[in-house]
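Trainee: this one's structure only:
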């Protein structure tokens, strides 16, 4: 995990696999439950959560500490809505 600051805000870059695994363990159940409520499909819901984490790894996502859950939940919601729309 790397951190840097811009002004008074500190940002954290989740780039190491262990950091992503920690986020995964901490937030998976909430993310899956949200996807399941929106999609009503177990397999699609699991895929959505996996895609969110794959995107974080691929894009070197930068998060403000304390914003991780909000970012993850919004990402799940947006992925689900994109699946429904297409």
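Mentor: Right, received. Where do you want to start? All values derive from a computational prediction rather than experimental measurement.

Trainee: which one's the longest helix in the chain?
Mentor: Ranked by residue count and defined by DSSP state H, the top helix of the chain is helix 17-39.

Trainee: what is the distance between that one and the centre of its chain?
Mentor: Counting by CA atoms, centre = their mean, to the nearest Å, helix 17-39 is centred 7 Å from the centre of its parent chain.

Trainee: next one: residue 20 from residue 39, what distance?
Mentor: Separation of residue 20 from residue 39 (CB to CB, to the nearest Å) stands at 23 Å. The C-beta positions use only the backbone N, C-alpha and C, and glycine is treated the same way.

Trainee: er, residue 33 actually
Mentor: In this view, residue 33 and residue 39 are 11 Å apart by CB to CB.

Trainee: name the spans of the chain whose pLDDT lies under the cut-off.
Mentor: 1-17 (pLDDT under 70).

Trainee: okay, helices next: where are they in the chain?
Mentor: Read by DSSP H, the chain holds these helices, from start to end of the chain: 17-39, 42-59, 68-85.

Trainee: run the angle between the longest one and helix 42-59 for me.
Mentor: Put plainly, it is helix 17-39. Angular relation of helix 17-39 and helix 42-59 on a 0 to 180 degree scale: 140 degrees, by axes from the mean of the first three to the mean of the last three CA atoms, to 10 degrees.

Trainee: touching helix 17-39 from outside, list them.
Mentor: Defining contact as CB atoms under 8 Å, 6 or more residues apart in numbering, one finds that helix 17-39 is touched by 1, 14, 42, 44-46, 48-49, 52-53, 56-57, 68-69, 72-73, 76-77, 79-81, 83-84.

Trainee: select only the buried ones of those in ChimeraX?
Mentor: This is how ChimeraX selects the buried members of the contacts of helix 17-39, with burial counted by 16 or more other CB atoms under 10 Å:
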select :14,45,48,49,52,53,56,68,72,73,76,77,79,80,83
